[in-house]
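Peer 1: Need coordinates for the below:
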Amino acid sequence: GKEKPNIWWSNPNFCSRFSAADGWKFEMDEETGKYGYALVKGTEHPRALLCQGCKRAGHMCGTTFQELLEEGAETSSCGYIWYPATATEERQAKSALPAKI
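Peer 2: Numbers count the residues shown, from 1 in each chain. Below is the predicted model of the structure:
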C-alpha cells in the first residue's frame, strides 16, 4: 500500500519522545487499536548503527532486537519494536485526527 502521511509527526502540538530520524513512527496498531511508537526502520536506530551484526544483515539483528525487549520495549502486532503511548500522547493523537464525517 501507499505510505500514509503521518499526521502526528507534522502536528506542532505533538511532542514526540522518539525521533523519526532514528527510524520511529507514531501510529495506531491496527490489530489492538492502541497508539504507540513503532520502530519501522530498525537500521536507523542508534543501536543498530553501532552494531556490526545489523550492518551485515541489512536489518536489525536478533541480538539488538532482544536487547531492546530486555530493556522494556514491546512488539507491535506487525512485529516492530514498540513503545506504547502515554495517556497524554494518546489524547493528543486522537485530537489530531480529522473529524469523522
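Peer 1: burial count for Lys25?
Peer 2: Lys25 has 18 neighbouring residues, counting by other Cβ atoms under 10 Å. Just so you know, the C-beta spots here come from the backbone N, C-alpha and C atoms, and that holds for glycine as well.
Peer 1: go on, the one 5 residues further on?
Peer 2: Using other Cβ under 10 Å, the number of residues around Glu30 comes to 10.
Peer 1: residues touching the nearest residue to it once chain neighbours are set aside, list them.
Peer 2: The shortest distance from Glu30 to any non-neighbouring residue, by Cβ to Cβ, 6 or more residues apart in numbering, is to Ser77 (6.8 Å). Neighbouring residues of Ser77 by Cβ atoms under 8 Å, 6 or more residues apart in numbering: 29-32.
Peer 1: which one of the residues you listed is nearest Phe65?
Peer 2: Asp29 (17.7 Å; Cβ to Cβ).
Peer 1: What residues of stretch 50-67 count as buried?
Peer 2: For stretch 50-67, the neighbour count (16 or more other Cβ atoms under 10 Å) marks 51, 54, 60-61, 64-65 as buried.
Peer 1: Quick one: the strands in the chain, in order.
Peer 2: 24-28, 35-39, 74-75, 81-84 (DSSP state E).
Peer 1: Listing partners with orientation, what would you give for the last one?
Peer 2: Just to be clear, that refers to strand 81-84. The pairing partners recorded for strand 81-84 under DSSP bridges are strand 35-39 (antiparallel), strand 74-75 (antiparallel).
Peer 1: May I have the longest one as PDB, with CA atoms only?
Peer 2: Coordinates of each C-alpha in strand 35-39 appear next as PDB, following Å, rounded to 0.1, in the frame of the first residue of the first chain:
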ATOM      1  CA  TYR A  35      -1.300   4.100  19.900                       C
ATOM      2  CA  GLY A  36       2.500   4.000  20.300                       C
ATOM      3  CA  TYR A  37       5.900   4.300  18.700                       C
ATOM      4  CA  ALA A  38       6.900   1.600  16.200                       C
ATOM      5  CA  LEU A  39      10.500   1.200  15.100                       C
END
